[in-house]
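[1] show me the folded form of this:
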Amino acid sequence: MAVKLLLVGLGNYTHPNTRHNVGMMVLDNLAKQLNLTWTQHRPWKSHMAQIPLSFVTKSNVVDVDLILIKPRLLMNVSGTCVAKAVKELSIPASNIYVFHDDLQRSLGKLSIKTGGSANGHNGVKSVMEKLGTDAFKRVRIGIGRPEDRSPDVVADFVLNKFLPAEIATLEETVYPLIAPGQGLQTLCVRGELWRPVKEKQQKQQKQQPSPKLESVDLPSTPLDIKVQ
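    Purely as a prediction, here's the structure:
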């Protein structure tokens, strides 16, 4: 029997390509690579796309019914859309992945966590309130933060569109981690983010302790170095 997984892209549907919409942008890219067409699903007040997938692991084959949704309501009340979809699909919180922007991380940095506070993100807060639980997974996508931390400046920052160079960064560092293949399989089967081999090696090297220098007894008299 196929496992149902729900991927939610948070954002403001009427403001495409803004930093606050990066969750929707990631799902748009995934849908494009899977050749999916978004359709408006009025009962959920969302756009949705769906596809059955099979992932071959070392021990078995995992069948997944993958559902993607983009709420049409504003970010701050998007939990209503998610709750309607979850109720109709009968999906447990552990099978829900909410993709959203994160000011605490530099552009292109991803992390995933289950449960915990909304960290000030109103979209995540709305989902928590409407589901009545925080036990869903959040894929946090770094968008950076302006040097001026005043509320008005931050609000303008997240509601403005990505610069071309920032879009290029997303295409290079973010989209591949959720792309069909190793990225999507790691997310759907293991509930984790895929890390390329090179990135894993760099992380391991950072964790290795620095080599200890052995003490050497130096001669009491200066060395006699001859230059020919």
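[2] skipping its backbone neighbours, what lies nearest residue 140 in space?
    Of all residues not flanking residue 140 in the chain, residue 102 sits nearest, at 4.0 Å (C-beta to C-beta, 6 or more residues apart in numbering). (C-beta placed from N, C-alpha, C; glycine too.)
[3] tell me what that neighbour is bridged to.
    residue 142 (DSSP bridges).
[4] is it in contact with residue 145, as I believe?
    No. Look at residue 102 against residue 145 with C-beta atoms under 8 Å: they stay out of range, at 9.4 Å.
[5] tell me which of these two has more neighbours.
    residue 102 (22 against 17; other C-beta atoms under 10 Å).
[6] residues contacting that one?
    Contacts for residue 102 were tallied using C-beta atoms under 8 Å, 6 or more residues apart in numbering; they are 111, 119, 121, 140, 141, 142, 143.
[7] my guess is the last one contacts residue 22, does it?
    Yes. Counting by C-beta under 8 Å, residue 22 is a contact partner of residue 143 at 5.9 Å.
[8] how about low-confidence regions in the protein?
    In the predicted model of the chain, residues 198-228 satisfy pLDDT under 70.
[9] all helices for it, in order.
    Per DSSP state H, the chain carries helices over the ranges 22-33, 79-89, 122-131, 151-159, 164-169, 182-185, 197-207.
[10] list the buried residues of the third one.
    The reference is to helix 122-131. 122, 123, 124, 125, 126, 127, 128, 130, 131 (16 or more other C-beta atoms under 10 Å).
[11] can you tell me which of those is nearest residue 51?
    The shortest approach to residue 51 among the buried residues of helix 122-131 belongs to residue 127, at 22.7 Å (C-beta to C-beta).
[12] that closest one against residue 98, yeah?
    Yes. Residue 127 lies in contact with residue 98 (C-beta under 8 Å); the separation is 5.9 Å.
[13] residue nearest the centroid of this structure?
    The centre of the chain sits closest to residue 139, judged by C-alpha atoms, centre = their mean, with a distance of 3.4 Å.
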